[in-house]
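Peer 1: show me how the following folds:
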Amino acid sequence: EVQLVESGGGLVQAGGSLRLSCAASGFTFDDYVIGWFRQAPGKEREGVSCISSSAGPPYYADSVKGRFTISSDNAKNTVYLQMNNLNPEDTAVYYCAAALFCGAAKFYDYWGRGTQVTVSS
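Peer 2: Residues are numbered from 1 along each chain as shown. Presented below is the predicted three-dimensional model:
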């Protein structure tokens with residue numbers, strides 16, 4: 001059974017940090033890229049970052065460049081999203097997902113259930 005399980009969300013003050021984790025199982029981790037998406041109430045799902053173990057530098061949305069860092073521990077089948085200097089606009093449910101290549105949400109085959117991140121001003 002394919003599973004992607006996010007953890008690490010929570011409530012943080014503006015300027016603070018959180019580290020999200022995405023633990024993957026049930027598929028060949030090295031064959032897939034892992035992306036992070038987020039969705040705020042009333043807004044469309046937004047791609048935040050994506051990492052491939054085999055090709056190219058990670059992708060970051062402009063809105064998070066310089067603040068978020070994605071990394072992968074292939075031995076643990078886990079991807080992390082370190083989020084620094086958070087602001088209230090980062091408040092959303094964060095999802096991790098697996099695909100054959102980084103791209104739009106429609107290309108992702110597997111999704112986690114999400115973890116809530118709330119940034120207070």
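Peer 1: right, and residue 1 touches residue 26 too?
Peer 2: Yes: if you go by C-beta atoms under 8 Å, residue 1 and residue 26 touch, sitting 5.0 Å apart. Quick note: C-beta positions are derived from backbone N, CA and C, even for glycine.
Peer 1: just want to know which of the two has more residues nearby.
Peer 2: More crowded of residue 1 and residue 26, by other C-beta atoms under 10 Å: residue 26, with 12 against 5.
Peer 1: bridging residues for the residue positioned nearest the centre of the chain?
Peer 2: Central residue of the chain (C-alpha atoms, centre = their mean): residue 36, 2.4 Å from the mean position. Beta-bridge partners recorded for residue 36 (DSSP bridges): residue 49, residue 96.
Peer 1: which residues does it contact?
Peer 2: Counting by C-beta atoms under 8 Å, 6 or more residues apart in numbering, residue 36 touches 20, 22, 47-50, 70, 79, 81, 94-97.
Peer 1: give me that answer again for 6 Å
Peer 2: 48, 49, 81, 96 (C-beta atoms under 6 Å, 6 or more residues apart in numbering).
Peer 1: any idea which of those residues has the most stuff around it?
Peer 2: residue 96 (31 neighbours).
Peer 1: in this structure it contacts residue 6, no?
Peer 2: Yes: when contacts are counted by C-beta atoms under 6 Å, residue 96 is listed as touching residue 6 (5.4 Å).
Peer 1: so what sits against both of these two?
Peer 2: Counting by C-beta under 6 Å, 6+ apart, the contacts common to residue 96 and residue 6 are 22, 112.
Peer 1: pLDDT value on residue 45, please?
Peer 2: Residue 45 is assigned a predicted lDDT (pLDDT) of 96.
Peer 1: burial count for it?
Peer 2: Residue 45, neighbours per other C-beta under 10 Å, totals 15.
Peer 1: in this structure it contacts residue 61, no?
Peer 2: No: in this structure, residue 45 is not within contact of residue 61 by C-beta under 6 Å, at 11.7 Å.
Peer 1: what's the end-to-end length of stretch 83-96?
Peer 2: Chord length of stretch 83-96, first to last residue, is 14 Å (C-alpha to C-alpha, to the nearest Å).
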